[in-house]
Structures are given as structure tokens and as C-alpha cells.
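Visitor: okay, predicted coordinates and the sequence, questions at the end:
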Amino acid sequence: MKPLWFKVAMATNPGLLVRLGAIGAVLLSVIAAFAHTGGWLSPVRLTQDRMMAAFREANGTQVGFRRNHAKGVCVTGWFEGNGQVAAISKAAVFKPGRVPVVGRFALAGGMPFQPDAPNTVRSMALRFVPPGGEEWRTGMNNIPVFPVNSARGFYEQLLAFSPDPATGKPDPAKIKAFLAAHPEAARALALIKKRQVTSGFANSTFNGLNAFRFVDAAGASTPVRWSVVPAQPVLTAAAEQPEAGDENYLFDDLIGQIAQHPRQWRLIVTIGQAGDPTNDATQSWPEGRQQVDAGTVTIDRASSEDSGACTAINYDPLVLPAGIEPSDDALLSARSAVYARSFALRAEEEDEKPPSAITPKEVQAGGKS
Ligand code: HEM
């Protein structure tokens, strides 16, 4: 039995009903699209919010800080390109000459006040801004491979290694279950554990880990990975012991070294061959791949990330100039989405943020300040 309003509308204006039906359908599809984007339709879909919740579960709420690599310091300097990769990438940054860089050294993990420790993963992030050219941002870690090869793997790893509220420590059973479900992570973590850990940030090699593609002026595309390799002498971690209670010794050393003399790294590009995996950051490429030295990164200033040049930078790995393109690694777009949410949260929370652990006033090589 049709309601009275329907019978009246059919008799007087049937076209109106058709239009109302169409509007209703559009509204429903908009609501469905929002629900889909928000992940409300699929309780297991991994969204930016779910990833942020996992960071909260692992680290507590750290107002105003980056949700990962939370403890860090800003640096600046320049990149001097030598033109040697210009044949395979048309990016302005690779032309011979100087390009200003704004960087950040950090420790992995979402705890902004964690004590420095040799085995904690160290990172270097760089933003290259060629005058008149398109900028390039990259984040690199001092590990040979990434522990996971998917956003889902990252999420599950975060939860598996989160402290159990009862003990304050990760639950070994959860870690075991994670490793059983992610054999690629078990293999990668074994390689990471075997790496040579150096005495500090300044003599660490930092690896971009994800594969990208270089594109030349004619459109030819080459799979690549990149690293920065220190010019400073490499000493083992045992060469630098913190004094009792010195929780920031790695950062303090770096800042002290930069104040004395600029620190340098070679930007080394590794060229992949057909069949080398470009979509899996847990897998390294075979030994002996061609490597090209693209130029030198020089860092000559450090400043607190509370007011420094890197504070407002989101080191999104997909901020790429023409001449560098993403590979087929899905981790890249996941990183881009999650970094954006982390950035938005810390920007909103700026007024409530406590000071960072590392707060040098600006330090410049040669003792100038
Ligand atoms: C799905 C996988 C990953 C997730 C969810 C993730 C998450 C995050 C988040 C939330 C931040 C803080 C961003 C900000 O607020 O500025 C961050 C920073 C960083 N991540 Fe990742 N990450 C992932 C994979 C990777 C990979 C593969 C690398 C490879 C090198 C990497 C290197 C870095 C570095 C170097 C930083 C520090 C950037 C800085 O100093 O500001 N991440 N990551």
C-alpha cells in the first residue's frame, strides 16, 4: 500500500518524484563514498586514522611531534652535483652545481624523548631546492633493507611490538605470531640485526630503501635506489660510549662535529637491472650493481627542530622533480598518505607541543652562530 503523499504526487507531478529519487540516489552515493574513504564500511581496511591509532598504541600520545622519527634535529647545507647521473635523469638537482639542502637527522620510533642508543635506527632526511628547478625530498635510514614491504605489514609490526600494558614490554607471543605471518619481515630483520652500526650519525650510511625510477630527457626510465655514504672515517659503535645519564649523546656529538667542521656524504645511485625487485623494500639488489656517484652533500649548520628550517617540512617521499618517478612499490604512496596525516596532526598541535629533546641554538661550522 503506497502512502497518501506518494499517490498525490503521482497524480499531480510524476516528474517531481523521479527528480527526488535521483537526488536521493546521488546523496546516498556521496554518503557511501565518504564511508568508504573513512574506512567505515570495512572494519579491516587500513586508513590513515588506523595507522595513527597504531602509533598511539605503540608510543602513547606525543602531542606536536612527528608520529615516527620523533626525536630529531634540523640541519642545513648544500648538495654539489657533479653531473654524472644527468645522463639518466633530467632532474635539475643533478646538473653540475650547488643546490641548497634542508635536512633532519632523527631516531626511528615515535618517542620524542627516547634515550639515544646505538642500535636504534638512525635517519637522514633531505630536501633539495634547486634554484629555478623542482625540489626533491627523500628520507633515508641506516639499515640495509626495510623490515616490511606493505603498509599492512608496517601496521601489524607496530601493534606486535607495542608494549603490553600489563608488563610495559612487547609480548613475545605477538612478535612470534607477526614473524610467522610475515616471513619477509623475519628475513629483513635478520639482515638489519647483522648490519655494522657505526659510532654516530656523521659516519653512518643512510639508504633510501624504496626503489624509484630516473627518467632522462628522451623519456627512458631506469630503476634506481640511492644512499648517502659518509666521507667521515667509519668507527664502530664501541668507539663512542655515552657517559652515564647522557641521553642525547648521538645528537650532541653530531652537533659538536658540525660546529667544528662541515660533514659530508657522497650521494651514490645504484642502477637496477631487469628482474631486480622494485616493489619490495625488504629485498636488496644483488651485489655488484653499477653505482654512480652523483655528488656531495655537505652539512654545515644545525638547529633545534622547534624553530629550525626543517620544522615545517614533511619529508614526503613522493615530492619528486621531473626526472625522478615513483617505482611500483606501494609502500611509497602509503608513506605519502601517512606522513601527510602525521604532518597535519603536529601542525594542529603546534601550540601545545613541549620543547624537543634536542634544542641547540643555531650552530654553524667554524664556530659562527
Ligand atoms: C608504510 C611504511 C611506513 C610508514 C607508515 C612510515 C611512517 C612514518 C611517519 C608517520 C613519519 C613521520 C612523518 C612526519 O610527520 O614528518 C615517518 C618519518 C620517516 N620515515 Fe617513515 N614510514 C614508513 C616507511 C618508511 C620507509 C620505507 C623509509 C625508508 C627509508 C622511511 C623513512 C623515514 C624517515 C627517514 C623519516 C623521518 C623524516 C624526518 O626526519 O622528518 N619510512 N615515517
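Guide: Now that the structure is in, tell me what you want to look at.

Visitor: can we go C-alpha only for contacts and neighbour counts from here?
Guide: Noted.

Visitor: point out the residues in the stretch 251-369 of the chain that sit beside the ligand.
Guide: Within reach of the ligand by Cα under 6 Å from any ligand atom, the stretch 251-369 of the chain has these residues: 314-315, 331, 334-335, 338-339, 342-343.

Visitor: how does it look with 5 Å?
Guide: Along the stretch 251-369 of the chain, the residues adjacent to the ligand under the rule Cα under 5 Å from any ligand atom are 314, 335, 339, 342-343.

Visitor: state the pair within the residues you listed that is farthest apart.
Guide: Using Cα to Cα, those span at most 11.8 Å, a distance reached by Arg335 and Phe343.

Visitor: in helices only, show me the residues of the stretch 251-369 of the chain next to the ligand.
Guide: Among those, DSSP state H puts 335, 339, 342-343 in helices.

Visitor: now render those residues as CSV, adding pLDDT and neighbour count.
Guide: What follows is those, written out as CSV (pLDDT from 0 to 100; neighbours: other Cα atoms under 10 Å):
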residue, pLDDT, neighbour count
Arg335, 98, 18
Tyr339, 98, 21
Ser342, 98, 21
Phe343, 98, 20
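
Visitor: which residues does Arg301 bridge with?
Guide: With DSSP bridges as the criterion, Arg301 is bridged to Thr76, Gln364.

Visitor: that one and Gln364 touch, don't they?
Guide: Yes: checked against Cα atoms under 8 Å, the pair Arg301 and Gln364 is within contact range at 4.4 Å.

Visitor: mutual contacts of the two, please.
Guide: Listed as contacting both Arg301 and Gln364 by Cα atoms under 8 Å, 6 or more residues apart in numbering are 258-259.

Visitor: low pLDDT regions in this protein?
Guide: Counting by pLDDT under 70, the ranges of the chain that qualify are 1-12, 14, 16-18, 20-43, 368-369.

Visitor: on the three-state scheme, the residue most central in space within it is what?
Guide: In the chain, the residue lying closest to the centroid (Cα atoms, centre = their mean) is Gly139, at 5.2 Å. Counting by DSSP: H, G, I helix; E, B strand; the rest coil, the backbone at Gly139 sits in strand.

Visitor: over to Trp285?
Guide: coil.

Visitor: which one is it nearest to, not counting chain neighbours?
Guide: In space, and not counting its chain neighbours, Trp285 is closest to Asp276: 6.1 Å by Cα to Cα, 6 or more residues apart in numbering.

Visitor: just Ala365 next, same as before
Guide: With Cα to Cα, 6+ apart as the criterion, Ala365 has its nearest non-adjacent residue at 4.1 Å, and that residue is Ala259.

Visitor: pretty sure Gly72 sits in a helix.
Guide: No: assessed by three-state DSSP, Gly72 does not belong to a helix; its assignment is strand.

Visitor: nearest residue to it other than its sequence neighbours?
Guide: With Cα to Cα, 6+ apart as the criterion, Gly72 has its nearest non-adjacent residue at 3.9 Å, and that residue is Ala106.

Visitor: helices or strands up against the helix or strand hosting the one you found?
Guide: With secondary structure defined by DSSP states H and E, Ala106 is part of strand 97-107. Contact partners of strand 97-107 among helices and strands, from 3 or more Cα pairs under 8 Å, 6 or more residues apart in numbering; DSSP states H and E: strand 71-81, strand 122-128.

Visitor: any chance of the ones you listed in TSV, plus distance to Pro223?
Guide: Listed next are these as TSV, based on distance: least, Cα to Cα, whole Å:
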stretch	distance to Pro223
strand 71-81	20
strand 122-128	21
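
Visitor: can you tell which of those strands is closest to Thr270?
Guide: Closest of those to Thr270 is strand 71-81, at 16.0 Å (criterion: Cα to Cα).

Visitor: any buried residues in the closest one, and which?
Guide: Within strand 71-81, the residues that count as buried by 16 or more other Cα atoms under 10 Å are 71-81.

Visitor: re earlier: is the residue nearest to the centre of the chain bridged to anything, and to what?
Guide: Counting by DSSP bridges, Gly139 forms beta bridges with Ala125.

Visitor: which residues sit in contact with it?
Guide: Gly139 makes contact with 123-126, 208, 315-317, according to Cα under 8 Å, 6+ apart.

Visitor: closest one to Ala166 out of these, please.
Guide: Checking those against Ala166 with Cα to Cα, the nearest one is Ser123 at 31.4 Å.

Visitor: excluding sequence neighbours, find me the nearest residue to that closest one.
Guide: Looking at Ser123 with Cα to Cα, 6+ apart, the closest residue is Asn141, at 4.3 Å.

Visitor: so where do the strands sit in the protein?
Guide: With DSSP state E applied, the chain shows strands at 71-81, 97-107, 122-128, 136-141, 206-207, 212-215, 221-230, 263-271, 291-303, 324-326, 363-364, listed in chain order.

Visitor: how close does Arg289 get to Arg266?
Guide: Distance of Arg289 to Arg266, given as Cα to Cα, to the nearest Å: 17 Å.

Visitor: which one's more surrounded, those two?
Guide: Here Arg289 and Arg266 are set side by side on neighbour count (other Cα atoms under 10 Å), and the busier one is Arg266, at 21 against 11.

Visitor: just to check, that one is in contact with Val229?
Guide: Yes: at 5.1 Å, Arg266 and Val229 qualify as touching, with contact defined as Cα under 8 Å.

Visitor: helices of this protein, start to end?
Guide: Applying DSSP H to the chain gives helices spanning 4-12, 14-37, 48-59, 151-160, 172-181, 183-193, 249-260, 330-348.

Visitor: now do the domain split for this protein, please.
Guide: Domain segmentation of the chain under automatic domain parsing yields 1-45, 65-364.

Visitor: what about the last one, distance to the chain center?
Guide: Once both centres are worked out by Cα atoms, centre = their mean, to the nearest Å, domain 65-364 turns out to sit 7 Å from its chain's centre.

Visitor: and it, end to end?
Guide: 25 Å.
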